[in-house]
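>>> Build me a structure from this.
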Amino acid sequence: MATRGSAAGLRRTAHIDRSAFRTNVSRLLEDDDSFVLDARADAYGHGASTLIPIALEAGVGTIRVSPGATKLPGIRPEALTTASSTRRLIADAAYGVDGLSRPVMSLSAEVVAVKPAHAGAGVSYGYSYRTPAETTLALVALGYADGIPRLASNRARVWIRGGLYPLVGRIAMDQFVVDLGTEASVSGPDVVVGDVVILFGDAAAGHPAASDWAVWTQRGALELTANLGSRIVRVDHD
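This next block holds a predicted model:
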C-alpha cells in the first residue's frame with residue numbers, strides 16, 4: 001500500500017484501487033485494443049504515476065496526458081501524448097465512474113464532533129437548513145478547500161456506519177454537517193467521533209457513487225475527482 005500527500009492530522013483519504021483500474025482497462029482492451037486512455041489532470045486526480053504503468057502493462061498503447069506530464073519516471077515517453085486523436089478516447093469507464101465499471105476511487109473523511117440538536121436549529125452559516133425535528137448532527141472534516149463543491153450543500157448524501165445520511169447546511173471551508181436523523185437522538189447515536197464517512201465509493205457496498213455526486217454538484221464525475229485538494233491523501237492498494 002502506497003500513500004501520497006499529507007492530511008494535516010485528520011483523515012482525508014482518497015483510496016485508489018489499482019486492481020479495479022486494472023480490471024476496467026483489461027475489459028476495455030478486450031472490446032477495442034486501439035483506444036487512447038485519457039490520463040490528463042493527473043489521471044483525473046487518481047494519480048498518473050500510479051495508474052499509467054498499470055495501463056501500459058495491461059496493453060494500452062497510447063495514453064493522453066496534460067502538457068508538461070510527458071516525462072514520468074520509469075515510463076517510456078513514446079507511449080504518452082498531449083495531442084488529440086481520431087481514436088476513441090476513454091476515461092469514465094477506466095476510472096469506474098460510468099456506473100458500469102468498478103470504481104477506482106473511494107473518498108472518505110472522519111467525524112470530528114457529534115451533538116444533539118433541537119427542532120428548528122439552524123445549521124452552518126446562513127442557516128440554509130433548519131432541523132425539522134429533534135435530531136443528532138455530525139461534523140465532518142472535509143470542505144470546499146478540499147474540493148468538495150458547495151453546490152452539494154443540502155443535496156448530497158454520505159455513508160456512515162452502514163447508513164446513508166443527508167449533508168445539511170452550507171459546506172464550509174474545512175467541514176460540513178450531516179443530519180443523523182430523529183431516531184439517532186432517541187436511541188442514542190451510533191455514530192461517534194472518529195467514524196469514517198464515505199462521500200463516494202462502491203455503490204455495490206451501499207456507498208454513494210461518484211456519478212451521484214456528479215448529479216448533486218452539476219459537474220462531471222471526473223471533474224469532481226480531478227479537483228480534490230492536496231490535503232486529501234491518496235492511498236493506493238490492490
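>>> buried sites along the longest strand seen in the chain?
Looking across the chain with DSSP state E, the single longest strand is strand 105-117. Applying a neighbour-count criterion of 16 or more other CB atoms under 10 Å, one finds 105, 106, 107, 108, 109, 110, 111, 112, 114, 117 buried in strand 105-117. From N, CA and C alone the C-beta is placed, and that goes for glycine too.
>>> Might you report the residue contacts of residue 201?
Residue 201 makes contacts with 15, 103, 105, 106, 107, 108, 159, 207, 208, 209, as judged by CB atoms under 8 Å, 6 or more residues apart in numbering.
>>> can you pull out the helices in this structure?
18-31, 40-44, 48-58, 92-95, 182-187, 210-217, 221-226 (DSSP state H).
>>> can those go into TSV with extra columns for mean pLDDT, distance to residue 173 and mean neighbour count?
As requested, the helices of the chain are arranged in TSV below (pLDDT from 0 to 100; distance: least, CB to CB, whole Å; neighbours: other CB atoms under 10 Å):
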stretch	mean pLDDT	distance to residue 173	mean neighbour count
helix 18-31	98	31	18
helix 40-44	97	23	22
helix 48-58	96	28	19
helix 92-95	98	27	24
helix 182-187	56	26	14
helix 210-217	97	17	20
helix 221-226	98	18	22
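>>> Redo these as JSON lines? Include distance to residue 151.
Below are the helices of the chain laid out as JSON lines (distance: least, CB to CB, whole Å):
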{"stretch": "helix 18-31", "distance to residue 151": "27"}
{"stretch": "helix 40-44", "distance to residue 151": "19"}
{"stretch": "helix 48-58", "distance to residue 151": "27"}
{"stretch": "helix 92-95", "distance to residue 151": "20"}
{"stretch": "helix 182-187", "distance to residue 151": "26"}
{"stretch": "helix 210-217", "distance to residue 151": "5"}
{"stretch": "helix 221-226", "distance to residue 151": "11"}
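>>> Nearest approach to residue 64 belongs to which of those helices?
helix 40-44 (6.1 Å; CB to CB).
>>> Quick one: residues in contact with that closest one.
Applying CB under 8 Å, 6+ apart, the contact partners of helix 40-44 are 38, 48, 50-52, 64-66, 69, 91, 95, 222-223, 225-226.
>>> tell me the centre residue of this protein?
residue 107 (3.9 Å; CA atoms, centre = their mean).
>>> Next up, the contacts around the nearest residue to that one once chain neighbours are set aside.
In space, and not counting its chain neighbours, residue 107 is closest to residue 199: 4.6 Å by CB to CB, 6 or more residues apart in numbering. By CB under 8 Å, 6+ apart, the residues touching residue 199 are 107, 108, 109, 142, 148, 156, 158, 159, 208, 213.
>>> The closest residue to residue 127 other than its chain neighbours: neighbour count?
Among residues not flanking residue 127 along the chain, residue 169 sits closest, at 7.6 Å (CB to CB, 6+ apart). By other CB atoms under 10 Å, the residues close to residue 169 number 23.
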